[in-house]
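Chemist: When you get a sec, could you give me coordinates for this:
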Amino acid sequence: MNSVRNSNFSLYSLTSFTQTDKVILMKAEDQYHRFVRWSDEDSVYIGYCPDLYLGAVCHSETEETCYADLCQTVRDEIAHRLAKSSPLPKSEVRATRDLNLASA
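Modeler: Purely as a prediction, here's the structure:
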């Protein structure tokens, strides 16, 4: 993979590399970090997508259901923004040990 380029102009971002002149379409939602954490206080799993939402996005009793709900919510948000011709925010959050959820 020699070069990677992302564009937020549609539901899919164009990502290309010159290995064999293949072009791969990356879904816009794939650029945003999503994660699920257990909440002892609430006794549920809570889903987060810090680049699109401040704080929690969804919750569920199972990790799998919470992540599925989170992914659907992110897809819906991106589709809504694109339908309004609103720009998508730059994805900046990356998983680290120091991710601060205090505002959640």
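Chemist: The nearest residue to W38 once chain neighbours are set aside: which element?
Modeler: Nearest non-adjacent residue to W38, counting by C-beta to C-beta, 6 or more residues apart in numbering: Y45, 5.7 Å away. C-betas here are computed from N, CA, C, even on glycine. Under the criterion of DSSP states H and E, Y45 resides in strand 44-48.
Chemist: And that strand, what does it pack against?
Modeler: Strand 44-48 is packed against strand 35-39, strand 56-60, helix 63-83, with contacts defined by 3 or more C-beta pairs under 8 Å, 6 or more residues apart in numbering; DSSP states H and E.
Chemist: Can you list the strands that it pairs with?
Modeler: Each strand that pairs with strand 44-48, with its direction, by DSSP bridges: strand 35-39 (antiparallel), strand 56-60 (antiparallel).
Chemist: could you dump it to CSV, C-alpha only?
Modeler: Extracted as CSV, the C-alpha positions of strand 44-48 are listed here (Å, rounded to 0.1, in the frame of the first residue of the first chain):
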residue,chain,number,x,y,z
VAL,A,44,-25.2,-1.8,31.1
TYR,A,45,-22.8,-1.5,28.2
ILE,A,46,-22.4,2.0,26.8
GLY,A,47,-21.5,2.9,23.2
TYR,A,48,-19.3,5.9,22.3
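Chemist: tell me which residues in it are buried?
Modeler: Burial within strand 44-48, assessed by neighbour count using 16 or more other C-beta atoms under 10 Å, is assigned to V44, Y45, I46, G47, Y48.
Chemist: Stretch 87-97 now?
Modeler: If you call a residue buried by 16+ other C-beta under 10 Å, then stretch 87-97 has these buried ones: L88, S91.
Chemist: Okay, V44 and P87: tell me how far apart.
Modeler: For V44, the distance to P87 (C-beta to C-beta, to the nearest Å) stands at 33 Å.
Chemist: how long is stretch 34-49 from one end to the other?
Modeler: This stretch, stretch 34-49, spans 5 Å end to end (C-alpha to C-alpha, to the nearest Å).
Chemist: give me every residue that touches the residue nearest to W38.
Modeler: By C-beta atoms under 8 Å, 6 or more residues apart in numbering, the contact list for Y45 reads V36, R37, W38, S39, H59, S60, E61, T62, E63, T65, C66.
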